[in-house]
Structure formats: structure tokens, C-alpha cells
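In: Here's my sequence, what's the structure:
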Amino acid sequence: SSAGVVYGSNAGKFVKFNNDGTINTTYNIPGLTVRNGMWTNPVDGHIIATGGGKIYDIDVSNATPTFRVIVNDNADGITVSPDGKTVYTNGVVGYNLATGSRVFGPVFVPGADGTGVISSKNSLNGTIVVNTTLGQLVLLDPLTGKQSVIADGGTRGDYVSPDPTNGSLFVTQSNEIFRLDCGHD
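Out: Residues are numbered from 1 along each chain as shown. From the prediction side, this is the model:
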């Protein structure tokens, strides 16, 4: 969401939803195909989205959203760093949001599918969590690339999403959602 408004996709089109989950507006924006992951940039409120082999920066501050292509990448799960400067993909690659240049990775994490970035007031701030199709959660240090399995024995993992109220992460495992407490003040 961005400023309390929920955005998503429907048949590859960018859409805005009503509070009851029905579609409010479908934007037919030529050149924009949104089919995979979305994330809100915590700094500027833009929606970072993937689809059609591209990663997009969608500005939703006006009545009609505008977009630009950040980089060509066939990403699925994406996340944005707490400083709003880097988008990380399920391929465990980081791209500079302003320039599209690769600034991290790729780092091989077996079964990587969804990524999330911890936003907390402790030493884990900015650390990447990779949710895998192998039922594992992997903590990845973006500075060193060091990997640590922090949870194992799950089912097929996919998405990771932050809870902006307390810095924890929601992670999915097949048909369940878990909360990962990342330490906060």
C-alpha cells in the first residue's frame, strides 16, 4: 500500500482497490505489465513492481500513476531496503532504484522465492530474509553475502512482507502466514 491505499494487479494491469477488496480503478497504462511482486518504497511511497521481464517504479502521487523501468529483470518476489535505495529480487540480486545498476549479488540461495528486508533499530536492520520453496528462511547479510538458515522444516515458502507497526516480517509457507520478530525498540 501507499499512504493507506492498496494497489495490486489484475490480468497484468495495475489496479487500485477499495477497502472491501473490490477494484476501484484499473489503469490501462501502455508499456506497464504488472504480474508478479510489488513493494512500497518506504521513503517516497512509490510502488516497485515486477512483470513482463521488467522492474518498475510506479509513482502513485497523482490521479493517474506514471512509471519508469528501473531494470530488465524477470523477477518474482521483490523487496526494497529501508533507506529506499535498493530493490532486491528473488534471484537475490540488488539494484540501485535510481540508476538500475546492480549493487548486490547475485547470491545463490537454494529455492529462493521471496525476499524481505528487516527494518529495525538493531543490528539486523537492512539484513535480507530469503523465503525458500524448500521450507527454509535464510538470513543474508547484504554486506558480506553470509547466509544463515534461521528456520527450517516449513513447507513451500514464497512471500515476505514487513509489518510497518513493529518491524516484524510476515512470511508465507504454503497456506500459512507466520510473523518473524526481528527485534525492535
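In: Look up how far Thr86 lies from the residue most central in space within the chain.
Out: Among the residues of the chain, Thr79 comes closest to the average C-alpha position under Cα atoms, centre = their mean, at 2.5 Å. Per Cβ to Cβ, to the nearest Å, Thr79 is found 9 Å from Thr86. Yep, even glycine has a C-beta here, placed from its N, CA and C like the rest.
In: Over to Leu124: give its phi and psi.
Out: Main-chain dihedrals, Leu124, degrees, to the nearest 10: phi -80, psi -10.
In: residues making contact with the lowest-mean-pLDDT helix or strand in the chain?
Out: When each helix and strand of the chain is scored by mean pLDDT, DSSP states H and E, strand 157-162 comes last, with a mean of 70. Residues outside strand 157-162 that contact it (Cβ atoms under 8 Å, 6 or more residues apart in numbering) are 37, 77, 79, 111, 113-119, 129-137, 168-173.
In: among the residues you listed, which are in helices?
Out: Counting by DSSP state H, none of the members of the contacts of strand 157-162 fall within helices.
In: Return the members of these classed as buried.
Out: 37, 77, 79, 113-119, 129-137, 168-169, 171-173 (16 or more other Cβ atoms under 10 Å).
In: residue at max distance from the center of the protein?
Out: Outermost residue of the chain (Cα atoms, centre = their mean): Ala63, 23.9 Å.
In: and it, what helix or strand is that in?
Out: Using DSSP states H and E, Ala63 sits in no helix or strand.
In: quick one: pLDDT of it?
Out: pLDDT, Ala63: 87.
In: Ok, Phe67 next?
Out: Predicted confidence (pLDDT) for Phe67: 92.
In: Report the beta-bridge partners for it.
Out: Beta-bridge pairing for Phe67 (DSSP bridges): Ile58.
In: pretty sure it is touching Lys54, no?
Out: No: the pair Phe67 / Lys54 is not scored as a contact, 9.6 Å apart, by Cβ atoms under 8 Å.
In: Contact partners for Ala49?
Out: Ser9, Phe14, Val34, Asn36, Gly37, Met38, Trp39, Ile55, Tyr56, Ile58, Ile78.
In: ok, which pair from these is furthest apart?
Out: Phe14 and Ile78 (15.0 Å; Cβ to Cβ).
In: and Lys85, how far is that from Asp152?
Out: 31 Å.
In: Those two: which is more packed in?
Out: Lys85 (15 against 11; other Cβ atoms under 10 Å).
In: Report how many residues lie close to the nearest residue to that one once chain neighbours are set aside.
Out: Closest residue to Lys85 apart from its sequence neighbours, by Cβ to Cβ, 6 or more residues apart in numbering: Leu97 at 5.9 Å. For Leu97, the count of nearby residues is 23 (other Cβ under 10 Å).
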